[in-house]
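Enquirer: sequence first, predicted model second:
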Amino acid sequence: MDDEIQLISDGDGLAVIGDPAAVERFLVSEGLPSKDLGLHRLGPVLSTGAAAAQAGSEIAANSGRWVKLTKDSARLVGKHGLRGSSKTGLSTGVLKGNHGQIKGFVEFVRGPGALLTNPAMLAGAAGIMAQLAMQQAMDEITDYLATIDEKVDDVLRAQKDAVLADMIGVDFVIEEAMTIREHVGRVSEVTWSKMQATTMTIARTQAYVLRQLDALAGKMEREPKLGELAKTVKDAEPKVQEWLAVLARCFKLQDAIAVLELDRVLDASPDELDRHRLALKVARNNRLALISQSTERLMARMDAAAGTANAKVLLHPGTSRDVVRSSNQVTNAVVDFQGRLGIENGRQSLEARRWTDAATEVRDKALDAGADGLDAARRLGNETLGRSMSATGKLSGRITDRARRLRRGDEAADEED
């Protein structure tokens, strides 16, 4: 009998659904690490009646695994020809194998045994996939926070500002809700009610941090003196790292809230799950765009500072190197942060300009300018000599004419005598 594997891609991950043995063979053959999709959580989306019983039996008989899409694994979508839907934002298809070997992709199978023919089931699976993608992103942010010098909790506790102080309490509330969800398997109305005030606090904190980063960029933009610029860039180095840590925590908590939201909608209003999932994706992309805009502006100012320093390396070699080094430290920190959030960036560090290179360039320019000056002097001398000779020739001609006229005058006087 042919094996069937149903595939779903939402651009962030790939769900592989089918007979457990067939799913395992496919993942091994493609070399893909995976996580449990959690098909059992789709119970709330089932309607009553015979269709629900059939869908329930299909869920029980199948295994679901989730794979994070990377540049390598994303090629599977094109390789197997998944069919995209502009309405749901999903790409789906069915892969068939024979005698335990996955051999190729065929058209989507429509039959009573295909889970993906049920729109509610497809929406439910997509909702769970979105949760897994955000949880993966949260794990990566946690790893990021563990690698930076200043722990974000220490940064928050050291702040006297009430906006950042409130962040600590919100963190506790959300972490508690996630723990309850993990143990209970759902988000109850009681748990959700505790979350109502958290979103505003996180949004306020994120806006505050973005303003601080913009203020740092603006300060560097207004600083004309290299010495003051060096101090400003050096002072910005630890501050940027701290603000990025707080911003990363904000993003992680926003993803956690979205995970809880999808659970709540799946439980309370499953028919709205697909629309809610798509809306959350738009909102998340908007947050990423806002963060990208602010951090890109900061890096642009760092690049400008490094350029200013390199231009003045002859007069201030030590200070120039310090500015470039600090600029690169800040830029590298921002690029690392952007990468953890999934913001692509192809920037490279700038090199401090060597004093000898700058001196050589100045010498070459001076020599070029000197050669041009010498050529101009030669041209001027030649032109002057030519004009002088011309003037001399004209004067000599006038004297000769005068003498000739005078001689003619004497000759005429002698004749009269």
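Expert: Great, that's in hand. All values reported here derive from a predicted model rather than from experimental measurement. Numbers count the residues shown, from 1 in each chain.

Enquirer: please make it C-alpha for all contacts and neighbour counts, starting now.
Expert: OK.

Enquirer: below-threshold pLDDT in the stretch 201-350 of the chain: ranges please.
Expert: For the stretch 201-350 of the chain, applying pLDDT under 70 flags the ranges 309-318, 345-350.

Enquirer: and if we set it to 50?
Expert: Applying pLDDT under 50 to the stretch 201-350 of the chain picks out residues 314-315, 349-350.

Enquirer: please enumerate the strands of the stretch 201-350 of the chain.
Expert: When assigned using DSSP state E, counting those that start in this stretch, the stretch 201-350 of the chain turns out to have no strands.

Enquirer: wait, what's in contact with residue 219?
Expert: Residues near residue 219 by Cα atoms under 8 Å, 6 or more residues apart in numbering: residue 232.

Enquirer: and if we set it to 10 Å?
Expert: Residues counted as contacts of residue 219 (Cα atoms under 10 Å, 6 or more residues apart in numbering) are 213, 229, 232, 233, 236, 301.

Enquirer: relative to residue 287, how far out is residue 297?
Expert: Using Cα to Cα, to the nearest Å, residue 297 is found at 16 Å from residue 287.

Enquirer: next one: residue 226
Expert: For residue 226, the distance to residue 287 - Cα to Cα - is 35 Å.

Enquirer: the helix or strand where residue 92 lies pairs with which strands, parallel or anti?
Expert: Assessed by DSSP states H and E, residue 92 sits inside strand 91-98. If you go by DSSP bridges, strand 91-98 pairs up with strand 3-9 (antiparallel), strand 83-84 (antiparallel), strand 101-106 (antiparallel).

Enquirer: the helices in the chain, which residues?
Expert: Using DSSP state H, the helices of the chain run over residues 20-30, 50-61, 75-79, 119-147, 152-158, 162-184, 189-193, 198-222, 226-268, 273-311, 317-341, 355-416.

Enquirer: counting neighbours, which bits of stretch 8-28 end up buried?
Expert: Within stretch 8-28, the residues that qualify as buried are 8-11, 13-19, 22-24, 26, counting by 16 or more other Cα atoms under 10 Å.

Enquirer: which residues touch the residue nearest to residue 177 when sequence neighbours are not counted?
Expert: With sequence-adjacent residues excluded and distances taken as Cα to Cα, 6 or more residues apart in numbering, residue 177 is closest to residue 191, at 6.2 Å. With contact set as Cα under 10 Å, 6+ apart, residue 191 has these partners: 173, 174, 176, 177, 178, 180, 181, 260, 264.

Enquirer: out of those, who has the most neighbours?
Expert: Greatest neighbour count in these, by other Cα atoms under 10 Å, goes to residue 260: 23 neighbours.

Enquirer: picking that back up, what's the closest of the contacts of residue 191 to residue 75?
Expert: Distance to residue 75 across the contacts of residue 191 (Cα to Cα) is lowest for residue 260, with 30.6 Å.

Enquirer: ok, and the closest non-adjacent residue to residue 322?
Expert: Nearest non-adjacent residue to residue 322, counting by Cα to Cα, 6+ apart: residue 230, 6.8 Å away.

Enquirer: next one: that neighbour from residue 119, what distance?
Expert: Counting by Cα to Cα, the gap from residue 230 to residue 119 is 60 Å.

Enquirer: one more: residue 344?
Expert: Relative to residue 119, residue 344 is positioned 33 Å away (Cα to Cα).

Enquirer: now do the same contact list for the nearest residue to residue 255 once chain neighbours are set aside.
Expert: Take residue 255 and drop its neighbours on the chain: the residue closest to it by Cα to Cα, 6+ apart is residue 134, 5.8 Å away. Counting by Cα under 10 Å, 6+ apart, residue 134 makes contact with 12, 128, 140, 252, 254, 255, 256, 258, 259.

Enquirer: switch the cut-off to 8 Å
Expert: Residue 134 touches 255, 256, 259, counting by Cα under 8 Å, 6+ apart.

Enquirer: for residue 83, give me the pLDDT.
Expert: Per-residue pLDDT puts residue 83 at 81.

Enquirer: can you redo the contacts of residue 134 as CSV with distance to residue 220 and neighbour count?
Expert: Formatted as CSV, those follow (distance: Cα to Cα, whole Å; neighbours: other Cα atoms under 10 Å):
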residue, distance to residue 220, neighbour count
255, 33, 21
256, 35, 20
259, 39, 24
